[in-house]
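Peer 1: Pasting a predicted model and its sequence here:
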Amino acid sequence: MNQDLDSFLAERIKLKKTLTLVTGVFDLLHEEHHNFLTKAKESGDLLLVGIESDERVRQMKGKDRPINNQNHRLENLLKWDIADCIFILPEKFSKPDDHRQLIDKIRPDFMAVSSHSSFVSEKKLILKEFGAKLIVVHDFNPEFSSSKIIENLKKKGCS
């Protein structure tokens, strides 16, 4: 479902459904993304996915990323039909106060992460401020990552 975030959050409150939040880049989708999102979906009634903006991806991963722009990444995730709502995270989203502001707006019950997620301690503290819980729903498989796929393609001369 692709609806605006405010409408989705209002409907969620009306329906009294639990909400699991996931955030990430989701650049070159692969089976581990699918496995992670499926497990995240099982942790609550509704799954909300926040996609990092193109600007943030460049800040985090370098000037040659993302491979797919934010709208293309959103469309690709929509095709999987796992998330109940998908939105693009703000470009200004690197400081704890930025995260607090988003969590305050969304008010998730859970934030699902994989075992290799960064800043787990910081995320737990912010979520706790709003009565939410961080849960690890998936063990990271180092064989699958967008960065590794890109690296392998470059080695094969497919860049």
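Peer 2: Arrived safely, thanks for sending.
Peer 1: going forward, measure contacts and count neighbours with C-alpha atoms only.
Peer 2: OK.
Peer 1: All the helices of this structure, in order from the start?
Peer 2: Along the chain, the stretches classed as helices by DSSP state H are 5-15, 31-41, 54-61, 70-80, 96-106, 120-129, 146-155.
Peer 1: and Asp139, which of these is closest to it?
Peer 2: For Asp139, the closest of the helices of the chain is helix 31-41, at 8.5 Å, according to C-alpha to C-alpha.
Peer 1: coming back round to it: of the helices of the chain, which stretch is the most buried?
Peer 2: Across the helices of the chain, the average number of neighbours (mean count of other C-alpha atoms under 10 Å) peaks for helix 31-41, which reaches a mean of 18.
Peer 1: what about the protein, any weak spots by pLDDT?
Peer 2: 1-3, 141-159 (pLDDT under 70).
Peer 1: ok, 50 please
Peer 2: Counting by pLDDT under 50, the chain contains low-confidence residues at 1-2.
Peer 1: one step back: now tabulate the helices of the chain in TSV and tack on distance to Leu48.
Peer 2: Conversion of these to TSV gives the following (distance: least, C-alpha to C-alpha, whole Å):
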stretch	distance to Leu48
helix 5-15	9
helix 31-41	9
helix 54-61	19
helix 70-80	11
helix 96-106	9
helix 120-129	15
helix 146-155	21
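Peer 1: Which one, of those, ends up nearest to Phe140?
Peer 2: Nearest to Phe140, of the helices of the chain and by C-alpha to C-alpha, is helix 31-41 at 8.1 Å.
Peer 1: Understood, closing this out.
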